[in-house]
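Asker: got a predicted structure here, sequence first:
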Amino acid sequence: MISMLIVWIAVLALMWFLLMRPQKKEQKRVQAMLASMEVGDTALTTSGFYGVIIDITDEDVIVEFGNNKNCRIPMQKAAIAQIEKPNAE
């Protein structure tokens, strides 16, 4: 009976290391990326559009797309997939 309990604990621990831990690590990476956003950074949205961040609030950002200065779209921070700093090479 004890050996069966040890096997189940080992299976659960293995499942946690293979599934849950990488997911939490990715969530921390995304949260750190969103926390480091600044005005002027280039953002790639989850829909595939590139734009420049022009304003940041607690939950939302305003992104300017293309050369047209009238194309400013407010969106949730969760819609940002990737951030590029302008001075990063």
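Answerer: Received, thanks.

Asker: what about the helices in this protein?
Answerer: Ranges of helices in the chain, per DSSP state H, are 2-15, 21-35.

Asker: and the ones you listed as TSV, adding mean neighbour count?
Answerer: (Glycine included, C-beta is placed from N, CA and C.) Putting those into TSV (neighbours: other Cβ atoms under 10 Å) gives the following:
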stretch	mean neighbour count
helix 2-15	9
helix 21-35	11
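
Asker: among the ones you listed, which is nearest I80?
Answerer: Checking those against I80 by Cβ to Cβ gives helix 21-35 as the closest, at 6.5 Å.

Asker: now for the helices of the chain, which one comes closest to N87?
Answerer: When these are compared by Cβ to Cβ, helix 21-35 sits nearest N87, at 16.3 Å.

Asker: give me the helices and strands touching that closest one, please.
Answerer: Packing partners of helix 21-35 (3 or more Cβ pairs under 8 Å, 6 or more residues apart in numbering; DSSP states H and E): strand 80-84.

Asker: show me the contact partners of the strand it packs on.
Answerer: 33-34, 36-37, 41-46, 61 (Cβ atoms under 8 Å, 6 or more residues apart in numbering).

Asker: point to the residue nearest the middle of the protein.
Answerer: V30 (3.0 Å; Cα atoms, centre = their mean).

Asker: I'd like the distance between that residue and I9.
Answerer: 31 Å (Cβ to Cβ, to the nearest Å).

Asker: about what we covered before: how about the contacts of strand 80-84 in JSON lines, adding distance to R21 and pLDDT?
Answerer: Formatted as JSON lines, these follow (distance: Cβ to Cβ, whole Å; pLDDT from 0 to 100):
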{"residue": "M33", "distance to R21": "19", "pLDDT": "92"}
{"residue": "L34", "distance to R21": "21", "pLDDT": "92"}
{"residue": "S36", "distance to R21": "23", "pLDDT": "91"}
{"residue": "M37", "distance to R21": "26", "pLDDT": "92"}
{"residue": "D41", "distance to R21": "29", "pLDDT": "93"}
{"residue": "T42", "distance to R21": "31", "pLDDT": "93"}
{"residue": "A43", "distance to R21": "28", "pLDDT": "94"}
{"residue": "L44", "distance to R21": "26", "pLDDT": "94"}
{"residue": "T45", "distance to R21": "28", "pLDDT": "94"}
{"residue": "T46", "distance to R21": "24", "pLDDT": "93"}
{"residue": "V61", "distance to R21": "29", "pLDDT": "95"}
